[in-house]
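Trainee: Fold the following and give me the result.
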Amino acid sequence: MVNNTFFLALRRLRAPIIGLIVIYAISVFGLTLVPGIGADGQPAPPLSFFHAFYFISYTATTIGFGEIPNAFSDAQRMWVIVCIYLSVVGWSYTVITLIGLLQDKGFQNTLTTGRFIRRVRRLKAPFYLVCGCGETGNLICRNFDRIGQAFVVIEKDELRVEELDLQDFKTDTPALAADASLPDNLLLAGLQHPKCRGVLAVTNDEQANLAIAIAVRLLAPKLPIIARARSPSVAANMASFGTEHIINPFERFAEHLALAVAAPERFRLIELLTSLPESPIPDPHRPPHGHWILCGYGRFGHAVAQHLQAAGITLTIIDPTASGEDQRIVGDGTEAKTLQQAGIAKASGIIAGSDNDVNNLSIAVTATELKPDLFVVARQNQSANNALFQAYGAEFAMVPSHIVAHECIAILTTPLLARFLTQLQNRDEIWCHRLVDRLQALNNGLTPSVWAIRLNASEAPAARQALMRGRAFRIGEILREGSDRSQTLAAVPLLVDRNDYMYLLPDSDFQLEAGDHVLFASSQSVLNKLKFTLQYANELDYVLDGKSNSGSWLWEKLRPTSTSHHAR
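Mentor: Numbering: from 1, shown residues only. Modelled structure (predicted):
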């Protein structure tokens, strides 16, 4: 890339450089021909080539030094005047061409790409490659930055890349304005970099996401990929290439809505576990059974209808593309007449599910005016309309970018969570309700952080060393404050994976073993404390046994003070 920049600059500056060389050659050659004058006023031979070259070198570059080795003759001075004006013209042409080169879009892209490549090559921490930085990608990037996860961005829209640079990220994130569906751009972004840990194809173009999935499978087959898709055919194509995680926001929301109807406590539990950590706990959703009205019957409408009907909900569909020959009602649902024809007086809920936010808000407002106690589900297509949808206050809002981003973050940061969620299918509502109550009490009105740690040498060296030496301990024993072991840490052990055998909701007496993969829910502060306990032997000894004399000199000086304070 450096060579490309150098040769591009040489190609653009070829004419000015040749012009300067010709001007300098003519100037030097002329001085070697024009006779001079000696110190005695008598005619003298012309300057030698060396003295002529030396004089032109400092004169044509506007440095100035004087007439050497002797004062010039009038003929020499006349020639020097010509040379000065020629050099001014030559340098002006060169500077103007150089300014034009620096303003040239192609040259700027070459420089930007070169800097991007160098920054990617210098990455030392594991990173994820985020393809697409629209609403979904931007939300993913902000959460990666919040948890300290390195990432690289490829976005086709140059304006979005510039906006990314303006955000107050903790780290200087490499970002390139390029088409991520082209394999060469993926390679430039570090697809085969040894620290690349996965790829997220979350552009708004599902065909581009498909191209990315195929490229990753062929160029870096060991890397996991999460891809966004909206149509079943594209999702099936991605699956045929071995894409691990395919997220269809329409299907996912339809599943959630149907689950909220059929098993509200289980849905509430899933909602708490998959929400962004440390965010306000969302209000509970309790969609009623009975008859519903569905406005819009595109891909989103088809997915919702399929899942709701399977959950026992009857539907009346309003569709502007309906032929009138089937049971669907022709219209978009923004008019009261159409809603009344659909039987809104007897309906329990309505879904404003078109691809137009203004129409969806109009449907919701009109429906609420006709029946104030109606349960309203509103589809929000653009995050820019957040203020409008919040002002209306629908009982249930569907934002595709949030659905995809939340699932991506959950999959990448806590892959063990997916295994826990599969275990919920056989749990009843009472079990789910009890767990929901425990989770809601963890973090003072905020959603808990769901995280996992493996009791091995890299993630929990102190815990693994203690277990290998025969010091057995239970889960309840490590859930203690490192500053006062009489205080219990507010954390819920959700799952223990031991050699692919799952222990769901282990109690405080569950005996841990080296190599266990444990899934916790807690606040961020408790997360940090518990990780510190499992990683450092001094802290673990104090938490397990109350020992305060097993560390360094500094530890022994600090720990007794803390212990005596606790005793008081």
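Trainee: Could you list the low-pLDDT ranges of this protein?
Mentor: Along the chain, segments meeting pLDDT under 70 span 1-4, 61-64, 324-326, 548-568.
Trainee: Report the central residue of it.
Mentor: With distances taken as Cα atoms, centre = their mean, the residue of the chain nearest its centroid is Cys141 (2.5 Å).
Trainee: I'd like the next helix or strand past the helix or strand hosting that one.
Mentor: Following DSSP states H and E, the helix or strand that holds Cys141 is helix 135-147. Downstream of helix 135-147, the next assigned helix or strand under DSSP H and E is strand 150-155.
Trainee: how many degrees apart are the strand or helix carrying Thr113 and strand 150-155 in direction?
Mentor: According to DSSP H and E, Thr113 maps onto helix 105-121. Relative orientation of helix 105-121 and strand 150-155, computed by axes from the mean of the first three to the mean of the last three Cα atoms, to 10 degrees: 160 degrees.
Trainee: Quick check: which helices or strands does helix 105-121 pack against?
Mentor: Packing partners of helix 105-121 (3 or more Cβ pairs under 8 Å, 6 or more residues apart in numbering; DSSP states H and E): helix 2-12, strand 175-177, helix 183-188. In this view, the C-beta of every residue, glycine as well, is placed from N, C-alpha and C.
Trainee: go with 6 Å
Mentor: helix 2-12 (3 or more Cβ pairs under 6 Å, 6 or more residues apart in numbering; DSSP states H and E).
Trainee: Please point out which parts of the helix or strand that the helix it packs on is followed by sit buried.
Mentor: Sequence order places helix 14-31 as the next helix or strand after helix 2-12, per DSSP H and E. Using 16 or more other Cβ atoms under 10 Å as the test for burial, helix 14-31 gives 16, 19-20, 23-24, 27-28, 30-31.
Trainee: How about stretch 155-168?
Mentor: 155-156, 160-161, 164.
Trainee: Also stretch 534-549?
Mentor: For stretch 534-549, the buried set under the neighbour-count rule, 16+ other Cβ under 10 Å, comprises 534-536, 538-544, 548.
Trainee: what's the longest strand in this protein?
Mentor: Assignment by DSSP state E gives strand 491-498 as the longest strand of the chain.
Trainee: can you tell me which residues contact Leu455?
Mentor: Counting by Cβ atoms under 6 Å, 6 or more residues apart in numbering, Leu455 makes contact with 463-464, 514, 516.
Trainee: Which one of those is nearest to Cys408?
Mentor: Closest approach to Cys408 among the contacts of Leu455 (Cβ to Cβ): Asp516, at 26.4 Å.
Trainee: Which residue, other than its chain neighbours, is closest to that closest one?
Mentor: Of all residues not flanking Asp516 in the chain, Leu455 sits nearest, at 4.9 Å (Cβ to Cβ, 6 or more residues apart in numbering).
Trainee: Please report the distance of that neighbour from Leu412.
Mentor: Look at Leu455 and Leu412: by Cβ to Cβ, to the nearest Å, they are 21 Å apart.
Trainee: measure Gly333 to Arg438 for me?
Mentor: 41 Å.
Trainee: So between these two, which is more surrounded?
Mentor: Higher neighbour count among Gly333 and Arg438: Gly333, with 30 against 13, using other Cβ atoms under 10 Å.
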